[in-house]
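Trainee: Whatever this is, show me its structure:
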Amino acid sequence: MGVSGCGKSTVGELLARHLGVPFLEGDGVHPAANVARMAAGHPLDDEARIPWLDRIGAWLALDLPDGGGVAACSALARRYRDRLRAATPATWFLHLDVDRETVTARMGARRGHFMPVSLIDSQLETLEPLGADERGLRVAADLPVPQILAAAATALGVPLSGPLPPAGD
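Mentor: Next up, the predicted model:
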């Protein structure tokens, strides 16, 4: 979880490979209207987010009986995480925490993504870090990816045993 550009897709895909579970790119299940809205520079409201969160929650609920799954999803607010947990109570969150300057630079450098840099402030305003009572881990997103993966894997009780293939292979 985290704002756009924090590294959710990269870390999520690699973590899923390490765990041997399916990976869902949350951006890929946004309704077309949500993508168009964000591409036009308009942040999503709860009415637009809820069906998207429900799609992700349904996917997690289907895959968890078989050993789990990893989904890259912003889940910025507690109420969004609560909605995902309502679908799958065992949901565990990895919060990739990033500062505005770092995420703005990352988003400015990426090509072909619908999310404009202009929406980062609205995401940061919506972001509610994991609460002490929420299952998960908060990690600095500017750490090297192997360190992030090692921290997540250790917290999940499945420490890394060797190098992982690069994301996207």
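Trainee: where along this protein do the strands fall?
Mentor: 23-25, 70-72, 93-97, 136-140 (DSSP state E).
Trainee: so where is this structure shaky, pLDDT-wise?
Mentor: Residues of the chain meeting the criterion pLDDT under 70: 63-67, 108-116, 162-169.
Trainee: Repeat the analysis, applying 50 as the threshold.
Mentor: 169 (pLDDT under 50).
Trainee: Identify the single longest helix in it, thanks.
Mentor: helix 46-63 (DSSP state H).
Trainee: and that helix, what does it pack onto?
Mentor: strand 23-25, helix 32-39, strand 70-72, helix 78-87 (3 or more CB pairs under 8 Å, 6 or more residues apart in numbering; DSSP states H and E). Heads up, the C-betas are built off the backbone N, CA and C, glycines and all.
Trainee: The same query, at a cut-off of 7 Å, please.
Mentor: helix 32-39, strand 70-72, helix 78-87 (3 or more CB pairs under 7 Å, 6 or more residues apart in numbering; DSSP states H and E).
Trainee: Just the buried positions in stretch 87-100, please.
Mentor: Buried residues in stretch 87-100, counting neighbours by 16 or more other CB atoms under 10 Å, are found at 87-88, 91, 93-98.
Trainee: Can you give me the end-to-end span of it?
Mentor: 31 Å (CA to CA, to the nearest Å).
Trainee: Return the distance of that stretch from the chain's centre.
Mentor: Averaging C-alpha positions (CA atoms, centre = their mean, to the nearest Å) puts stretch 87-100 7 Å from its chain's average.
Trainee: before we move on, the earlier item: please state the offset of the longest helix of the chain from the chain centre?
Mentor: 13 Å.
Trainee: can you check stretch 27-42 too?
Mentor: 16 Å.
Trainee: just stretch 71-87 next, same as before
Mentor: 9 Å.
Trainee: How about residues contacting that stretch?
Mentor: Stretch 71-87 is contacted by residues 1-4, 8-9, 12, 24-26, 49, 53, 56-61, 91, 93, 123, 126-128, 131, 134 when judged by CB atoms under 7 Å, 6 or more residues apart in numbering.
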